[in-house]
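Chemist: Here is my input; please provide its structure:
(2 chains)
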2 protein chains.
Amino acid sequence: MNANSLVITLPDWLNERLTAPVHLQSDEARMRFVIDLARENVIRGTGGPFAAAVFREDDGALMAAGVNSVLRLNNAMLHAEVVALMFAQARVGSYTLRAVGASYDLVTACEPCAMCLGATLWSGVRRLVCGATRDDAERVGFDEGPVFPESYAYLEQRGITIVRQVLRTEAAGVFDLYVRSGGVVYNG
Amino acid sequence: MNANSLVITLPDWLNERLTAPVHLQSDEARMRFVIDLARENVIRGTGGPFAAAVFREDDGALMAAGVNSVLRLNNAMLHAEVVALMFAQARVGSYTLRAVGASYDLVTACEPCAMCLGATLWSGVRRLVCGATRDDAERVGFDEGPVFPESYAYLEQRGITIVRQVLRTEAAGVFDLYVRSGGVVYNG
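Modeler: Residues are numbered from 1 along each chain as shown, chains lettered A, B, ... in the order given. Alright, predicted model coming up:
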């Protein structure tokens, strides 16, 4: 009845980008890397204008990256954050990034939707760094779902540091690029 | 850097259960089916005490089922609802269950966590049917994340009918079974 398995892949261009190790120390440098992936996802036509990546806090090593893959893989759950977190957990071999002897950050080109904010909590990352805002995403027609100020407070109470509006203008600019290039605003 | 792909599987016992077609008309019958999968997931030791399934509304056809696979697949995102919704979308070949000429329901043994409530919204299901409550899950130590009354209202405003506490006692009983059998309460 179900197919026996589901395979989640990254676009070929992203796999190629990830063959060499990446180390980035500052939030800005990491965000620039992530925004660049979001832009590439639009230009290559492989998905929505969103990207995310997981970095190891101490040495800035890139652990995993993801781009929005909803349309490419016909799967509404494959937002950039979910993809990045799944690949990061596969890489460390644990269902929580808190139990593996290092601290990890999730850097995302846009404030997470309700689903991805929940995924952030379950993932075990210690910091969440966001670029564009919910308003930026909604301005071009994306829905962010039931996220409230209390939602952020909930994560902070559980020890997650949240940093917002890092390179916001650059990140939001990719949304405009997506709309200009005729990208589909699914779930609008 | 990333592995090139991630494979999401169901437990063998569940694949076997899904070889024959299932049609169930009432919410209670569907919930009984789902609770049975949650119980089997505990007994077989393949994951947490949670299960979910997607049914076609008109004829009650089971489209896909999922069980909590966080521990089995080392992936914090693989809650039962996410697994069921991903397999359902793969089966219909669309990133939204609204665009495929029929209406679909998500039936879950427990009120969805913040992540899964978001996934429910993006999935395109028309109805969400829940068994055990958030309180039931938290009583045995699970965290449900930032879900508020406004979160449910948000989904309802977007046309999703929500039915709660269907066979609640039976569903919550599986949580107790999990704890008695020494199951790990991850993300507690």
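Chemist: rest of the way, CA atoms for contacts and neighbours
Modeler: Will do.
Chemist: Stretch A:33-52 and chain B, are they touching?
Modeler: No - using C-alpha under 8 Å from any C-alpha of the partner chain, stretch A:33-52 never reaches chain B; the gap is at least 12.1 Å.
Chemist: buried stuff in that stretch?
Modeler: A:33-42, A:45-52 (16 or more other C-alpha atoms under 10 Å in any protein chain shown).
Chemist: Just the residues you listed: which are in strands?
Modeler: A:A51, A:A52 (DSSP state E).
Chemist: where along chain A do the helices fall?
Modeler: Using DSSP state H, the helices of chain A run over A:12-17, A:27-43, A:80-92, A:114-123, A:134-139, A:149-157, A:168-180.
Chemist: Among those helices, which comes closest to B:P112?
Modeler: Across those, B:P112 has its closest neighbour in helix A:114-123 (10.7 Å, C-alpha to C-alpha).
Chemist: ok, A:A84 - contacts?
Modeler: Applying C-alpha atoms under 8 Å, 6 or more residues apart in numbering or on different chains, we find A:A84 in contact with A:A52, A:A53, A:V54, A:A64, A:A65, A:G66, A:V67.
Chemist: now chain A, which segments are flagged as low pLDDT?
Modeler: Residues of chain A that meet the criterion pLDDT under 70 lie in A:1-2, A:187-188.
Chemist: Run a quick check on A:A38 versus A:G45, I expect a contact.
Modeler: No - applying C-alpha atoms under 8 Å, one finds A:A38 not in contact with A:G45, separated by 10.7 Å.
Chemist: From chain B, how far out is A:G60?
Modeler: In this view, A:G60 and chain B are 14 Å apart by C-alpha to the nearest C-alpha, to the nearest Å.
Chemist: and that residue, backbone torsions?
Modeler: Per-residue torsions, A:G60: phi 70, psi 20 (degrees, to the nearest 10).
Chemist: Apart from its chain neighbours, what residue comes closest to A:F87?
Modeler: Take A:F87 and drop its neighbours on the chain: the residue closest to it by C-alpha to C-alpha, 6 or more residues apart in numbering or on different chains is A:A64, 5.8 Å away.
Chemist: okay, now that neighbour: neighbour count?
Modeler: By other C-alpha atoms under 10 Å in any protein chain shown, the residues close to A:A64 number 24.
Chemist: ok, now A:R91?
Modeler: 15.
Chemist: Please report how far it lies from B:G101.
Modeler: 39 Å (C-alpha to C-alpha, to the nearest Å).
Chemist: ok, now how distant is A:S181 from B:G66?
Modeler: From A:S181 across to B:G66, the span is 37 Å (C-alpha to C-alpha).
Chemist: out of the two, which sits in the busier spot?
Modeler: Relative neighbour count places B:G66 above the other of A:S181 and B:G66, with 31 against 12, counting by other C-alpha under 10 Å.
Chemist: how about the more buried one, what does it touch?
Modeler: Shown in contact with B:G66 (C-alpha under 8 Å, 6+ apart): B:L10, B:A51, B:A52, B:A53, B:A80, B:E81, B:V82, B:V83, B:A84, B:L85, B:F87.
Chemist: Likewise for A:C110?
Modeler: Applying C-alpha under 8 Å, 6+ apart to A:C110 gives the contacts A:F50, A:C130, A:G131, A:A132, A:T133, A:R134, A:A137, A:A171, A:A172.
Chemist: quick one: it from B:G93, how far?
Modeler: 27 Å.
Chemist: Next: A:M115.
Modeler: Separation of A:M115 from B:G93 (C-alpha to C-alpha): 21 Å.
Chemist: What is the neighbour count of the closest residue to A:T9 other than its chain neighbours?
Modeler: Spatial nearest neighbour of A:T9, chain neighbours left out: B:S5 (4.5 Å); criterion: C-alpha to C-alpha, 6+ apart. Using other C-alpha under 10 Å, B:S5 has 13 other residues around it.
Chemist: if we look at the sheet, which residues does the residue nearest to A:F87 bridge to?
Modeler: In this entry, A:A64 is beta-bridged to A:V54, by DSSP bridges.
Chemist: ok, it touching A:V34?
Modeler: No - the criterion here is C-alpha under 8 Å, and A:A64 misses it with A:V34 at 11.0 Å.
Chemist: Pull up the overlap in contacts between those two.
Modeler: By C-alpha under 8 Å, 6+ apart, the residues touching both A:A64 and A:V34 are A:A53.
Chemist: Hmm, A:S26 and A:V129 touching each other?
Modeler: No - distance between A:V129 and A:S26: 10.8 Å, which falls outside the contact criterion (C-alpha under 8 Å).
Chemist: more neighbours, these two?
Modeler: Applying other C-alpha under 10 Å to A:V129 and A:S26 shows that A:V129 carries more neighbours, namely 24 against 11.
Chemist: hang on, isn't the residue nearest to A:T9 packed against A:D12?
Modeler: No - using C-alpha under 8 Å, B:S5 makes no contact with A:D12, being 10.9 Å away.
Chemist: And the residue nearest to A:V163 when sequence neighbours are not counted, how far from chain B?
Modeler: Spatially, and ignoring its direct neighbours in sequence, A:V163 is nearest to A:V129 (4.7 Å; C-alpha to C-alpha, 6+ apart). Per C-alpha to the nearest C-alpha, A:V129 is found 18 Å from chain B.
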